Every structure is written in structure tokens, then in C-alpha cells.
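Novice: What follows is a predicted structure for the sequence shown.
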Amino acid sequence: MRPLIEADDQGRSERAEHTTADLALHAWLDRDLSWLEFNRRVLSEALDERNPLLERVKFLAIFSSNLDEFFMKRMAVIRPLTEDTSVAAEERRNVISRRRETITSMLAEQAACYTDVIRPELAEHRIHLVDWGDLTVAQRDEASILFDKEISPVLTPLSLDAAHPFPYVSNLSTSWAFRLEDPVSGEEVLVRLKVPRELPQWVRVRAGVEPPERVYVGLEQVIAANAERLFPGMVIRSASLFRVCRDAEVELDEHDNLVSKRALVEREVMQRRFEPVVRLEVQPNADPAMVSELTQRFALISEDVYEMSALLDYTTLFEIAGLEIEPLRYPQWTPLPPVPDVPGAAKLKSRMTTSTGLPSEGGALKHQRFIPSGSACWGMFTVGFWGA
């Protein structure tokens, strides 16, 4: 019987080793994929028909804002240098490729949600997000007058040629790249025109619109439609919209003891404006020559370029989500004052929180009550709040 016992022990040992290997393989979650999967849950809130419409619009914007943060914080960290041919660098490129597959699938889902669901439902509620070609003649004239009065004065075209240094392109900025041609000499020049963030990104037109109808057109489309006024005597051969995302990871040298932490942070924050570009977003059918030139200028590769099939910058939808239309938003929650410490108070607060799904007391009121009580405690030195 001894050989049978030894064989059984050996089988148990092998199964234990196999189980341990499985645990080691699956016990750890990939940091970046976890971040992206969390953002997928944000996108699912935009797809959830149980949420009010404008709240779903806001979730579309939050999804893009979170994705911007992911690129600014993580992509530059895992991205190897272009000239690095080591095994570790190749593994990093494979990791980035897998991240790109996940991101592109979510971007396609976001575009379909906006185009096929959100936009039509907004139109049903008399909020129309239209293209320039959908405007009437009167509405185009109204937008063009607004362009001359308020938009054109803050625009600064910058030439992209050998005679001029390549202009600084700020982080998360949206710009037009116009390819202009001199009809006399036939010379071409590429011009960059930044879409100003200081102005509303959705222009409301009122000509021929009866309340409560609302019609909005994107600021970038108003600029493109009136761009010929900015370049008199030139012919616009192509126009491509692009957006850049720069690395924003702050790296502090802990061994630099001669500089205070505050000075280090201030220096890194100032330097962050000039960090490398990690992503280039373009519209469909963008000028290939323009995309190629920008890719070279920013030292990017093809995997760093993302073609956005609907909106280029969904964070502009925060403006639409902020419309004061109460039926399309979550009901406003009014917090109650703190319940005094009397018998049965804890059970009452628990019942109220369970029935509403929200804390029964307002955070600010609780803090106002807590701080004076804490200051009277001789053993308390500091008070900190998370998520206040």
C-alpha cells in the first residue's frame, strides 16, 4: 500500500502547486485595466435609461474627462522611448497596444451612445445639437454676426512652416489646422487656429426658434464656416480639427534635499505645460499630410493617434448638462439638520438613509457641529475630511 500512498501525496502536492500558480496569476489586477474598467462603468451610466437625460449627458463628459486623466497620468509612464529596442520596451509596446484596443472599443461605444441615443433624445426634449449644415440661412447669418463681434477678436492664427518656430499647443486644447494656398504663387502653408476655451463651446442660435426649443451648434463649426474672413486672399484647401493631450505626471526627486517640497511641486507644475504630447485626436477624414506632420512634430507613433467618429471633445457637453431643465435632472436633494443625540436617534437616521439612498444629514452641517466638539477634546491635534 505504501506506493499508493506516496502517489496520492504526490498528486496532492501537484494540485496544490497548480492551485498556487493559478492564484498567483489571477490574484493581481492590472492597474491600468482596472482604471479603464472603472471608466467603463461611468460610460454605462450614460447608457442607463433609468438616469435623467441631462445626467446621462454629464456622464458622457465625465467619461472623456477621466480618459484624459488616464492618458496624462499613465501613458507617458508606460510608454518607452522610440529608439529603445530592448525586450522590456517591446513588452511595454505590447501593453500599450492592449490598452489601445480597450480604449478604442469604449470610444466606439461612446460615439454610438451620443449619436444614436443621446442626441435624438435631446431633440425629443427640444434641445437640438446640430451641425452647421443643418442651420437655416437666418441662423447662419446670426452665428456669423456673433463670429465677427465676439469670436474673431480672440482668434490668433499661427503659421506652421520652416520660417516660423512650431507654436506651443496647450494641453487638452482643440485646434483647427487649415491648409492655405496662395492663388497667385501656388504656395501652400499650414496654419493652426486654436478654438478658445474662454468662450462657450456650444453657440445657441435663436433665429426662427420658438421657446422652449433650443438650438446649439459647436463653436468649432462656427469658426470653420467663417474661416475665410480670417485669411483674405487665400484659398482654404483643407481643414482638420485636432486635439492634443500632454503628459501631466509630476515627478519629484526625493533626493534633492536642497529644495523644499513646495518649490519642487511648483517647479514641476510649471514644467508640466511643456511636457511631451501623449495622444493626438483627429476627426474622420482629416488631412493625412496634416496628421503625418503633427505626428512627427509631437514625436508620436500611429498608435498614439485616435480618430474620433462623433465629437472630438466630449467634455464640452458639461455645458449642455448644466442646462437648468429640472425634469431632465436628478431631483434636488435638501439635507436635513443633524438629528440631536437623543434616544432612538441612531435608528431614525439609519431608517432615513435606507429609504432615500442618501445621507439624511448635510455634510457641511455635520462638520459645523463636529469641529467645535472636536476642538474641546484635549487629545485631538488635527482634523481632516476626505471627500468633503
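Specialist: Arrived safely. What you see is a predicted model; the values in this text were computed from it and never measured. Numbering: from 1, shown residues only.

Novice: Centre of the chain to stretch 53-62, how far?
Specialist: From the chain centre to the centre of stretch 53-62 is a distance of 12 Å (CA atoms, centre = their mean, to the nearest Å).

Novice: Give me the contacts around it.
Specialist: For stretch 53-62, the surrounding residues in contact (CB atoms under 8 Å, 6 or more residues apart in numbering) are 42-43, 45-48, 51, 110, 113-114, 118, 121-122, 125, 314-318, 320-321, 323, 325, 328-330. Just so you know, the C-beta spots here come from the backbone N, C-alpha and C atoms, and that holds for glycine as well.

Novice: Kindly report the same for stretch 99-112.
Specialist: Under the criterion CB under 8 Å, 6+ apart, external residues in contact with stretch 99-112 comprise 32-33, 36, 39-40, 43, 46-47, 60, 63-64, 67, 75, 303, 306, 308-311, 314.

Novice: Next: stretch 288-302.
Specialist: Contacts of stretch 288-302 (CB under 8 Å, 6+ apart): 82, 160, 166, 177, 179, 190, 238, 240, 242, 244, 276-277, 280, 282, 304-305.

Novice: Just the buried ones from the contacts of stretch 53-62?
Specialist: When neighbours are counted using 16 or more other CB atoms under 10 Å, the contacts of stretch 53-62 contain these buried positions: 42-43, 45-47, 51, 110, 113-114, 118, 122, 314-318, 320-321, 323, 328-329.

Novice: So which of the residues you listed are in helices?
Specialist: When these are checked against helices using DSSP state H, the ones located there are 42, 43, 45, 46, 47, 110, 122, 317, 318, 320, 321.

Novice: May I ask which two of the residues you listed are separated the most?
Specialist: Taking CB to CB, the two most distant members of these are 42 and 122; they sit 19.4 Å apart.

Novice: which residues touch the residue nearest to residue 128 when sequence neighbours are not counted?
Specialist: In space, residue 128 comes closest to residue 215 once its chain neighbours are excluded; the distance is 4.7 Å by CB to CB, 6 or more residues apart in numbering. Counting by CB under 8 Å, 6+ apart, residue 215 touches 128, 130, 135, 139, 204, 205, 206, 209.

Novice: again with residue 129
Specialist: For residue 129, the contact set (CB under 8 Å, 6+ apart) comprises 119, 122, 123, 202, 216, 217, 218, 320.

Novice: what do you get if the cut-off is 6 Å, keeping everything else the same?
Specialist: With contacts defined as CB atoms under 6 Å, 6 or more residues apart in numbering, the neighbours of residue 129 are 119, 216.

Novice: so where is the stretch 51-200 of the chain shaky, pLDDT-wise?
Specialist: 80-84, 87, 162 (pLDDT under 70).

Novice: Please, where are all the helices along it?
Specialist: 53-70, 76-78, 87-112, 119-124, 137-146 (DSSP state H, counting those that start in this stretch).

Novice: Show me what the shortest one is in contact with.
Specialist: By CB under 6 Å, 6+ apart, the residues outside helix 76-78 that reach it are 92, 95, 247, 249, 278.

Novice: Show me where the stretch 201-350 of the chain dips below the pLDDT cut-off.
Specialist: Low-confidence segments of the stretch 201-350 of the chain, defined by pLDDT under 70, span residues 250-261, 264-273, 335-350.

Novice: do that again at 80, thanks
Specialist: When residues are selected by pLDDT under 80, those of the stretch 201-350 of the chain lie in 249-274, 333-350.

Novice: Which parts of it are helices?
Specialist: Taking DSSP H, counting those that start in this stretch as the criterion, the stretch 201-350 of the chain carries its helices at 219-225, 261-271, 288-297, 317-321, 345-356.

Novice: and residue 46, what is it in contact with?
Specialist: Shown in contact with residue 46 (CB under 6 Å, 6+ apart): 56, 59, 60, 113.

Novice: swap the cut-off to 10 Å and go again
Specialist: Contacts for residue 46 were tallied using CB atoms under 10 Å, 6 or more residues apart in numbering; they are 55-63, 109-110, 113-114, 117-118, 314, 317.

Novice: per-residue pLDDT, it?
Specialist: The score at residue 46 is 96. That number is its pLDDT.

Novice: What's the local residue count around the closest residue to it other than its chain neighbours?
Specialist: In space, residue 46 comes closest to residue 59 once its chain neighbours are excluded; the distance is 3.9 Å by CB to CB, 6+ apart. Here the neighbour count serves as a burial measure; for residue 59 (other CB atoms under 10 Å) it reads 23.

Novice: how is this structure carved up into domains?
Specialist: 31-125, 335-363 (automatic domain parsing).

Novice: in stretch 282-290, what's buried?
Specialist: Burial within stretch 282-290, assessed by neighbour count using 16+ other CB under 10 Å, is assigned to 282, 283, 286, 287, 290.

Novice: wait, doesn't the second one sit right on residue 305?
Specialist: No: the criterion here is CB atoms under 10 Å, and residue 283 misses it with residue 305 at 11.6 Å.
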